[in-house]
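> show me the folded form of this:
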Amino acid sequence: MKKLATVFAASALALGLSACGSSPEEDAEKAVTDFAQAFEDKDYEKVCDAIDPEMVKTMEQGGMKCAEGMEEGGDEMAEEANADDIEILSSTVSDDEKTATVKVKNAKGEENDVKLKKVDDEWKITMGA
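A predicted model of the protein is given here:
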């Protein structure tokens with residue numbers, strides 16, 4: 001019981017700290033790093049949860065669940081993925097706080113813009129913003 005209380009307290013503290021002072025830009029950056037970590041961990045359910053539901057729906061129209069498709073096509077990329085190697089260069093959030101772009105650089109020095117969209121108060125990875 002004591003262990004359960006400790007876990008609960010630690011979780012509550014983490015939630016409290018994440019809610020304090022985080023800006024929309026920081027939240028968008030965290031969504032990108034969480035996505036990268038889920039990919040590295042081959043947690044394809046979490047990867048799919050981080051993607052805009054409209055994109056997931058489009059992917060699943062072919063008859064394959066998102067996580068299955070990610071596993072089939074993503075295992076090789078996940079082997080090369082290392083969330084720690086991703087550097088956040090900048091982030092911008094639209095004035096209405098519905099879209100964001102996070103510029104990242106990977107271990108190879110390649111820069112990419114990751115587009116995000118706010119869905120039910122959570123940032124989701126999308127193709128366009």
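
> tell me how far the residue nearest the centre of the chain lies from Met64.
Most central residue of the chain, judged by C-alpha distance to the mean C-alpha position with C-alpha atoms, centre = their mean, is Phe35 at 2.9 Å. Phe35 sits at a distance of 20 Å from Met64 (criterion: C-beta to C-beta, to the nearest Å). For the C-beta atoms, the positions are set from N, CA and C on the backbone; glycine is no exception.

> cool, and Ser23?
Using C-beta to C-beta, Ser23 is found at 37 Å from Met64.

> surely Glu26 is within a helix?
Yes: residue state for Glu26 (DSSP: H, G, I helix; E, B strand; the rest coil) corresponds to a helix.

> ok, it - contacts?
Contact analysis of Glu26 by C-beta atoms under 8 Å, 6 or more residues apart in numbering lists Ser91.

> what is the subsequent helix or strand relative to the longest strand along the chain?
Taking DSSP state E as the assignment, the strand of the chain that covers the most residues is strand 111-119. Once strand 111-119 ends, the next helix or strand along the chain (criterion: DSSP states H and E) is strand 122-126.

> mind listing what's buried along that following strand?
For strand 122-126, burial by neighbour count (16 or more other C-beta atoms under 10 Å) applies to 123-126.

> need the contact partners of that strand.
Around strand 122-126, the neighbours that count as contacts under C-beta under 8 Å, 6+ apart are 27-28, 30-32, 35, 50-55, 100, 114-118.
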